[in-house]
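Student: Fold the following and give me the result.
(chains A and B)
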Amino acid sequence: MTPPRVRFAPSPTGYLHVGGARTALFNWLFARHTGGTLVLRIEDTDRERSTDAHTQVILDGLGWLGLDWDEGPIFQGTLAERHRADALRLLAEGKAYRDYLTADELAVAREAATAAGETFRFDRTRLALPAAEVARREAAGAPYAVRFAVPDAEIAWDDAVHGRISWQGRDLDDFIILRSDGSAIYNLAVVSDDAAMAITHVIRGDDHISNTPKQIALYRALGYDVPIFAHVPVILGQDGKKLSKRHGATAIGDYQDMGILAAAMRNFLALLGWSPGNDDEILPEAELIARFGLDQIQSKPAVFDTTKLEWMNGQYLSSLPADELVAPVLRELTRLGVSTRAERVAPIIEVVKARARTVTMVAEAVRVRMPGVEIIREPKGDALAAKMGERFGKNLRLATENLEPIPEEGWTAPELERDLLALAEARGLKLGDLMQPIRVALTGGTVSEPVHELLAVVGRGESLRRIAAAIAAPG
RNA sequence: GGCGCUAUCGUCUAGAGGCCUAGGACACAGCCCUCUCAAGGCUGGAACACGGGUUCGAAUCCCGUUAGCGCUACCA
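Tutor: Coordinates of the predicted model:
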């Protein structure tokens, strides 16, 4: 069996939507799983709305997700001649016909039908102009559109995700394949391209189901092999409506900005509408590729759950080595206006990553642990100081007395832990009463990694300075 | 309106006639661990849209109803 050829064909009329990204991911997983070829085709035939900037955003988004392609990007705009030739061939073979009706005349007919409470249908016999009028317009060189004569027969296919889907040709209008300006309409262009590119599996959004019978009719009329279709359901927002800007982040770039890791995004998107068949949730790239299959794609739409995405991101944050997080964290720190180096940041990431759900949270935690930065006092930190009253400052002074003698070389997590534990023991202090004030002094808040690790990562000088400041300016 | 698609916990899903008094994950609640918070562990509440069939037996097959969504362009 020859390896499959699939394609991802976005329109550069906007950013890369999560739905589009998932379609791309499914195509990519299928290609990688089967050893097939993924073609990237940019469908830029809508000249009004297509822009190079959008194309770039889409390419960037795919790159961020780690999705690569084997052929392309091919710009559909450059293929117009072949589209036209296919349409003209259909015309020559009598499988399509000229329609001299102008767009305005068509609109009038449509309105009339709607006003009469009827369903508007393009009726070949009823709407067609009288022969004399056709001849007159033809002689005058009037522009015409080309309509495909849909055969009155059953059009059915075995969809890889939905099973058998069947339509009656008579339920389809004779649709236009060539505009009066000579350019091809989407349905024809897609068929022409997919056939020319020898695409074997069309994996695309559910919203194309109703285009499929038209396209199959076109494949048949043109004598091309009909590919296998796999229609992937749409992604919905929390309210069950199609995911849109109203729901907040929908562009793939938004998630990058939110501090989502590409690996987590990929994993999450894969599980949205696809299942490996068992209870596994965390599936690294290789696993995804190994287990992916069209038949495990869900046939109903899925609601996008940002909370679960963040949970998954937290899982990746915890398990990924700090080294792999340095780049995204550095990127985020730059956005926060902090410039630093990888060597400084890596050890801090190591101790804070387990507690974070997003790269943004990691970056913020890293920032707070760097010398000379301003500490933002959190309400909980103040509340603790207030609750402890005098003991807050007293315990901090006690801690200082014990920590100050520790030399720079001894300022390590194990050493500090031993020292702090001994102090609490000696003074009969509850561990929390000793540790929490230090935590508040160093971070402003009540949550962090274990205090000895925190002290180690912040460093001797900065730690002592922050504790002193907290003693001087209590809650 | 017509045509088509879909229907398991709040959400993502497992389930391809008996293994289902329906399993897992997120979220939620409680407990454990613990200097805090995460993580982790344990426990709990929570679903087969409805109605008919078929069958010894149905979440699983068929039909209908309801609901949601998509298309119905000289957009893609």
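
Student: tell me the SS of residue A:202?
Tutor: strand (DSSP: H, G, I helix; E, B strand; the rest coil).

Student: Give the burial count for it, as a bare number.
Tutor: Counted with other Cβ atoms under 10 Å, residues neighbouring residue A:202 total 22. From N, CA and C alone the C-beta is placed, and that goes for glycine too.

Student: Do you know the pLDDT at it?
Tutor: pLDDT, residue A:202: 97.

Student: what sits against it?
Tutor: By Cβ atoms under 8 Å, 6 or more residues apart in numbering, the residues touching residue A:202 are A:6-7, A:194, A:227-230.

Student: neighbours around residue A:288, how many?
Tutor: Neighbours around residue A:288, by other Cβ under 10 Å: 21.

Student: Please apply the same query to the one 5 residues further on.
Tutor: The local packing of residue A:293 (other Cβ under 10 Å) involves 14 other residues.

Student: try residue A:247
Tutor: Here the number of neighbours of residue A:247 (other Cβ under 10 Å) works out to 17.

Student: Identify the residue nearest residue A:282 in space, chain neighbours excluded?
Tutor: Spatial nearest neighbour of residue A:282, excluding adjacent residues (Cβ to Cβ, 6 or more residues apart in numbering): residue A:315 at 5.7 Å.

Student: what residues are up against residue A:84?
Tutor: Counted by Cβ under 8 Å, 6+ apart, residue A:84 has contacts A:178, A:182-184.

Student: Can you say which two of those are spatially most distant?
Tutor: A:182 and A:184 (8.5 Å; Cβ to Cβ).

Student: What about the closest residue to residue A:122 other than its chain neighbours, how many residues nearby?
Tutor: Beyond its immediate neighbours in the sequence, the residue positioned closest to residue A:122 (Cβ to Cβ, 6+ apart) is residue A:173, lying 4.3 Å away. For residue A:173, the neighbour count with other Cβ under 10 Å is 15.

Student: which SS state does residue A:104 fall under?
Tutor: helix.

Student: next one: residue A:6
Tutor: Quick answer, by three-state DSSP: residue A:6 is strand.

Student: And it, how far from residue A:240?
Tutor: 30 Å (Cβ to Cβ, to the nearest Å).

Student: neighbour count winner among those two?
Tutor: A count of neighbours by other Cβ under 10 Å puts residue A:6 above the other of residue A:6 and residue A:240, at 28 against 8.

Student: Just list whatever residues bridge to that one.
Tutor: residue A:38, residue A:201 (DSSP bridges).

Student: Which of the contacts of residue A:84 ranks first by neighbour count?
Tutor: Neighbour-wise, these (other Cβ under 10 Å) top out at residue A:184, 27 neighbours.

Student: and the contacts of residue A:202, which of them are in strands?
Tutor: A:6-7, A:228-230 (DSSP state E).

Student: quick one: which of those is most hemmed in?
Tutor: That'd be residue A:6 among the ones in strands among the contacts of residue A:202, by other Cβ under 10 Å, with 28 neighbours.

Student: wouldn't it be in contact with residue A:40 here?
Tutor: No: counting by Cβ atoms under 8 Å, residue A:6 does not reach residue A:40; the two are 10.4 Å apart.

Student: Pretty sure residue A:120 sits in a helix.
Tutor: No: when classified by three-state DSSP, residue A:120 is found to be coil rather than part of a helix.

Student: Spit out the contact partners of it.
Tutor: A:109-110, A:113-114.

Student: for the residue nearest to residue A:122, helix, strand, or coil?
Tutor: coil.

Student: hmm, back to that, sort out which one of the contacts of residue A:202 lies nearest residue A:277 for me.
Tutor: residue A:230 (17.0 Å).

Student: Excluding chain neighbours, give the residue nearest to the closest one in space.
Tutor: residue A:160 (3.7 Å).

Student: so how many other residues sit close to the residue nearest to residue A:276 when sequence neighbours are not counted?
Tutor: The shortest distance from residue A:276 to any non-neighbouring residue, by Cβ to Cβ, 6+ apart, is to residue A:291 (4.7 Å). Look at residue A:291: counted by other Cβ under 10 Å, it has 18 neighbours.

Student: Give me the pLDDT value at residue A:291.
Tutor: For residue A:291, pLDDT reads 95.

Student: which residue ranges form the helices in the stretch 101-250 of chain A?
Tutor: Ranges of helices in the stretch 101-250 of chain A, per DSSP state H, counting those that start in this stretch, are A:103-115, A:124-127, A:131-139, A:186-196, A:212-222.

Student: what does the fourth one contact?
Tutor: Spelled out, that is helix A:186-196. Against helix A:186-196 from outside (Cβ under 8 Å, 6+ apart): A:7, A:9, A:41, A:43, A:45, A:76, A:79, A:82-83, A:86-87, A:148, A:175, A:177-178, A:184, A:199, A:202, A:211, A:214-215, A:218-219, A:222, A:224-225, A:227.

Student: What's the ChimeraX syntax to select whichever of these are buried?
Tutor: To isolate the buried members of the contacts of helix A:186-196 in ChimeraX, using 16 or more other Cβ atoms under 10 Å:
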select /A:7,9,41,43,45,76,79,83,86,87,148,175,177,178,184,199,202,214,215,218,219,222,224,227
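
Student: out of the contacts of helix A:186-196, which touch RNA strand B?
Tutor: Taking Cβ under 7 Å from any atom of the strand as the test, RNA strand B is in contact with A:43, A:45, A:76, A:175, A:211 out of these.

Student: would you list those in CSV and tack on pLDDT?
Tutor: Output for these, formatted as CSV (pLDDT from 0 to 100):
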residue, pLDDT
A:43, 92
A:45, 83
A:76, 93
A:175, 92
A:211, 94
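
Student: of all these, which two lie farthest apart?
Tutor: Using Cβ to Cβ, those span at most 18.7 Å, a distance reached by A:76 and A:175.

Student: wait, is residue A:433 part of a strand?
Tutor: No: assignment of residue A:433 by three-state DSSP gives helix, placing it outside any strand.

Student: now the closest residue to it other than its chain neighbours: how far from residue A:406?
Tutor: Spatial nearest neighbour of residue A:433, excluding adjacent residues (Cβ to Cβ, 6+ apart): residue A:395 at 5.9 Å. For residue A:395, the distance to residue A:406 equals 17 Å [Cβ to Cβ].
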